[in-house]
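*Asks:* Show me the folded form of this:
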Amino acid sequence: MTSAPSRSVLSVDAVHRLVDQWRAALARRAPVEELLPHLANGLLVELPGRIVRGAQDFRHWYGESGGQAALCDDRPGADEVRVRVVSPVHAQVTLQDPGSSPDAPAPLARQTWWVVLQDGVPRIRTMAFHQPAPQPA
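*Replies:* Predicted structure coming up:
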């Protein structure tokens, strides 16, 4: 009797490791070649005023167009990270800026990611950056 091959399943811990690795690479201003293995086929990055699609567009945007500054956070690990596994191969990640003060009335910056299990490894498929609306004076 032969057994079925074991199937990889995405776990919360694996997604947290991906988030930690990604943010550590950004914090040390890693070259784009170090980031590309963390990205899935069909990549989509939604930024205020720009959409980045696929690895080649990401490479150009990150390396030549100042994209590194848009992704970099000098406070690695400062955001609240929530992971929700929605299927054996998909997870939603929310990174919420805790703000400088818990009493701050303004909405907080937030990122939403979709992570997929690709070739047995968690990879980022989409990232959407949500900026708070300006508060009226």
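
*Asks:* chain center to stretch 43-61: distance?
*Replies:* Between the centre of stretch 43-61 and the centre of its host chain there is 12 Å, according to CA atoms, centre = their mean, to the nearest Å.

*Asks:* what residues does stretch 113-121 touch?
*Replies:* 8-10, 15, 18-19, 40-41, 88-95, 122-128 (CB atoms under 8 Å, 6 or more residues apart in numbering). Quick note: C-beta positions are derived from backbone N, CA and C, even for glycine.

*Asks:* mind redoing it with 10 Å?
*Replies:* Stretch 113-121 has contacts (CB atoms under 10 Å, 6 or more residues apart in numbering) with 7-11, 14-15, 18-19, 22, 37-42, 44-45, 81, 83, 85-95, 122-128.

*Asks:* swap in stretch 45-58?
*Replies:* By CB under 10 Å, 6+ apart, stretch 45-58 touches 32, 35-37, 39-44, 59-62, 65, 67, 70-71, 111-113, 124, 126-131.

*Asks:* Now with 6 Å, please.
*Replies:* Applying CB atoms under 6 Å, 6 or more residues apart in numbering, the contact partners of stretch 45-58 are 36, 43, 44, 61, 127, 128, 129, 131.

*Asks:* Also stretch 85-95?
*Replies:* 9-10, 12, 15, 79, 81-84, 111-113, 115-117.

*Asks:* From those, which land in strands?
*Replies:* 81, 82, 83, 84, 111, 112, 113, 115, 116, 117 (DSSP state E).

*Asks:* Flag every buried residue along the top helix by length along the chain.
*Replies:* As assigned by DSSP state H, the longest helix anywhere in the chain is helix 12-27. Using 16 or more other CB atoms under 10 Å as the test for burial, helix 12-27 gives 14, 15, 18, 19, 21, 22, 23, 25, 26.

*Asks:* In those, find the pair that's most separated.
*Replies:* The most widely separated members of those, counting by CB to CB, are 14 and 26 (19.0 Å).
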